[in-house]
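K.L.:
with the input below, show me the fold.
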Amino acid sequence: MRPRTHSIALTLVGFTAGAAVVYALDQLPSIKGVPEPSQQAQDASPVASSPSAPGFADAVAAAVPAVVKILATGADGHGSRLSGPPRTEMQAASLLGAQPGRAQTSVGSGVVIASQGLIVTNGHVVRDRDEIRVEFVDGRSLSAELLGIDDATDLAVLRVPLPGLAPISLGDPSKLRVGDVVLAIGNPYGIGHTVSLGIVSATGRSRLGLTEIEDFIQTDAAINPGNSGGALVDSNGRLVGIATAGLSESGHAEGVGFAIPSTLVMRVAESIAKQGHVDRSWIGLGGRSVTQELEQRFGLRASSGVLVSSLVENGPAEAAGLRVGDVITAFAGTEIADAAQLRELITATATEREVPLVLWRGSERLTISVRTAEWIAGDHAARVHTQPKPSNANGLHHQARIDVNRHWHQEQPCPPPGGDC
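P.N.:
Here you go, the predicted model:
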């Protein structure tokens, strides 16, 4: 009986142990039901749980209806001059459905800025064209009237007989930071409304030789031939600039595009819409924003303002007694931070107006009155081009080398007098 008892006991122990193993296995998750690590990450991702990935569709939807395609027919030209020829003349003409050597169609873009049918574009898109047509994203096509071109900024204003248009919402380009997302919306190569994505690469770009007044937003959003005059919008679809040019050696977008800030665009457009041109004042000087380096190099008494680096011969500033090496710190009661601000204040001032300038001349603080004059684009060839010398041990830190150059403006790209030259 004893052996049989041992056998029964072993059987019960074995049964109990087996049941324990089965129970333990049942508590483990099924191999088939365990998701892969990548799947777990996808399930935890908010992108996967949302109906669609985040993007800028709302911004595009808000801005696209106000962006138009422009077809300007004339005796020559086949594309956006400042953006560079897209291909050879034969290829470009074929792309646009035209015959080389005959009346061509210049293709560009434009933006609706007022409900009265006002559209802004680039001057080089519509200059010297016999007929201008505007096509909306919904397929409507209308003939447009050219109200005027501002050569200094390469901006033009058109009007179409279609009141009640919804203008694009305006943003604030002064709040743009390098790295902010922007979208370029236009009509590259004439293929139709197209959106490209990029960032703000730089702000306040000048001395590029593209226009006489330069304060560009630089972006790597693709600006190809045909994008000229199109919209540069922020991530909310608000206009911050008008696409004007793309630097390229190949004729294609290479990530270096430029747009005119919308604040400048609106000022120019308002003036053209009212009187067909833009009135600007100038006082006939070139200057550089005062930096810590310039302050130390030239021994300046001011830590901000504009260092006068050149004067136009017989211009208002020279006639008023300004000298190269003077540092302008206030214009008409407004303190000056940099050359861009001074340029804007000068051009926005009425012509033939006496304006007080506060400046430093060496260790002497002076106030000089300057009479503003009408500024005419390209009419500033005669210039006394000078450069102040750094301070020396004797304290003579405002001497200048005189180099009269009758064609200075044509040879050296520079904003108009009063700009940061």
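
K.L.:
from V126, how far out is T73?
P.N.:
Separation of T73 from V126 (CB to CB, to the nearest Å): 10 Å. Quick note: C-beta positions are derived from backbone N, CA and C, even for glycine.

K.L.:
actually F331, sorry about that
P.N.:
35 Å.

K.L.:
quick one on the thing from earlier: which neighbours do T73 and V126 share?
P.N.:
106, 132 (CB atoms under 8 Å, 6 or more residues apart in numbering).

K.L.:
these two: who's more crowded?
P.N.:
V126 (22 against 15; other CB atoms under 10 Å).

K.L.:
OK, contacts around the more buried one?
P.N.:
70, 72, 106, 108, 132, 146, 149, 156, 158.

K.L.:
ok, those vs I119, which is closest?
P.N.:
L158 (4.4 Å; CB to CB).

K.L.:
may I have the helix or strand harbouring that closest one exported as CSV, CA atoms only?
P.N.:
Per DSSP states H and E: L158 is located in strand 155-159. Output of strand 155-159 as CSV, limited to C-alpha atoms (Å, rounded to 0.1, in the frame of the first residue of the first chain):
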residue,chain,number,x,y,z
LEU,A,155,5.7,97.3,-57.8
ALA,A,156,2.6,97.8,-60.0
VAL,A,157,-1.1,98.2,-59.3
LEU,A,158,-3.8,96.8,-61.5
ARG,A,159,-7.6,97.2,-61.4
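
K.L.:
which strands or helices does the strand or helix carrying V265 pack on?
P.N.:
Element membership of V265 [criterion: DSSP H and E] is helix 262-275. Here helix 262-275 touches strand 104-114, strand 118-122, strand 145-150, strand 155-159, strand 239-246, going by 3 or more CB pairs under 8 Å, 6 or more residues apart in numbering; DSSP states H and E.

K.L.:
mind redoing it with 6 Å?
P.N.:
Helix 262-275 is packed against strand 118-122, strand 145-150, strand 155-159, strand 239-246, with contacts defined by 3 or more CB pairs under 6 Å, 6 or more residues apart in numbering; DSSP states H and E.

K.L.:
now the last one against strand 104-114, angle please.
P.N.:
Right, the one you point to is strand 239-246. Relative orientation of strand 239-246 versus strand 104-114 (axes from the mean of the first three to the mean of the last three CA atoms, to 10 degrees): 160 degrees.

K.L.:
got a list of contacts for strand 239-246?
P.N.:
With CB atoms under 6 Å, 6 or more residues apart in numbering as the contact definition, strand 239-246 has outside contacts at 82-83, 122, 168, 170-171, 173, 184, 210, 217, 223, 227, 230-234, 253, 257-262, 265.

K.L.:
quick revisit: just the contacts of V126: which has the poorest pLDDT?
P.N.:
Lowest pLDDT among these: S106, with 87.

K.L.:
correct me, but it touches I70?
P.N.:
No. Applying CB atoms under 6 Å as the test, S106 and I70 come out as separate, 8.0 Å apart.

K.L.:
burial of N236, as a residue count?
P.N.:
N236: 13 neighbours (other CB under 10 Å).

K.L.:
likewise T291?
P.N.:
14.

K.L.:
cool, L170 as well?
P.N.:
15.

K.L.:
who does the residue lying closest to it once chain neighbours are set aside form a beta bridge with?
P.N.:
Closest residue to L170 apart from its sequence neighbours, by CB to CB, 6 or more residues apart in numbering: L239 at 5.4 Å. Counting by DSSP bridges, L239 forms beta bridges with L170, V233.

K.L.:
quick one: L239 from A166, how far?
P.N.:
Taken as CB to CB, the span from L239 to A166 is 13 Å.

K.L.:
out of these two, which sits in the busier spot?
P.N.:
Comparing L239 with A166 by other CB under 10 Å, the one with more neighbours is L239, at 28 against 10.

K.L.:
against L183, how distant is the more buried one?
P.N.:
Going from L239 to L183 by CB to CB gives 11 Å.

K.L.:
joint contacts of those two?
P.N.:
Here L239 and L183 share the contacting residues V233, scored by CB under 6 Å, 6+ apart.

K.L.:
in the chain, which helix or strand is least confident?
P.N.:
strand 400-405 (a mean of 24; mean pLDDT, DSSP states H and E).

K.L.:
one step back: just put the helices and strands packed on helix 262-275 in JSON lines and tack on distance to G315.
P.N.:
Output for the helices and strands packed on helix 262-275, formatted as JSON lines (distance: least, CB to CB, whole Å):
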{"stretch": "strand 118-122", "distance to G315": "30"}
{"stretch": "strand 145-150", "distance to G315": "22"}
{"stretch": "strand 155-159", "distance to G315": "25"}
{"stretch": "strand 239-246", "distance to G315": "28"}
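
K.L.:
quickly compare these and say which is most buried.
P.N.:
Of all the helices and strands packed on helix 262-275, strand 239-246 has the most neighbours on average by mean count of other CB atoms under 10 Å, namely a mean of 30.

K.L.:
what pLDDT, on average, does that one get?
P.N.:
94.

K.L.:
next, the angle from that strand to strand 118-122.
P.N.:
Using the same axes, to 10 degrees, strand 239-246 lies at 30 degrees relative to strand 118-122.

K.L.:
does T347 really touch W282, like I thought?
P.N.:
No. Look at T347 against W282 with CB under 6 Å: they stay out of range, at 7.1 Å.

K.L.:
quick one: the residue nearest to L170 from T194, how far?
P.N.:
Relative to T194, L239 is positioned 17 Å away (CB to CB).

K.L.:
repeat that for S106.
P.N.:
Using CB to CB, S106 is found at 18 Å from T194.

K.L.:
quick one on the thing from earlier: so S106 and I70 - more neighbours on which side?
P.N.:
Taking neighbours as other CB under 10 Å, S106 and I70 compare with I70 leading, 30 against 27.

K.L.:
show me the contacts for that one.
P.N.:
Taking CB under 6 Å, 6+ apart as the criterion, I70 is in contact with 108, 110, 121, 125, 134.

K.L.:
recalculate using a threshold of 8 Å.
P.N.:
Going by CB under 8 Å, 6+ apart, I70 touches 106-110, 121, 125-126, 132-135, 144, 158, 187, 229.

K.L.:
buried subset of those residues?
P.N.:
106-110, 121, 125-126, 132-135, 144, 158, 187, 229 (16 or more other CB atoms under 10 Å).

K.L.:
got the angle for the helix holding V265 vs strand 239-246?
P.N.:
Here the directions of helix 262-275 and strand 239-246 differ by 90 degrees (the same axes, to 10 degrees).

K.L.:
and for helix 262-275, what's in contact with it?
P.N.:
113-114, 118, 120, 147-150, 153, 155-157, 159, 170-174, 213, 215, 239-242, 277-279, 348.
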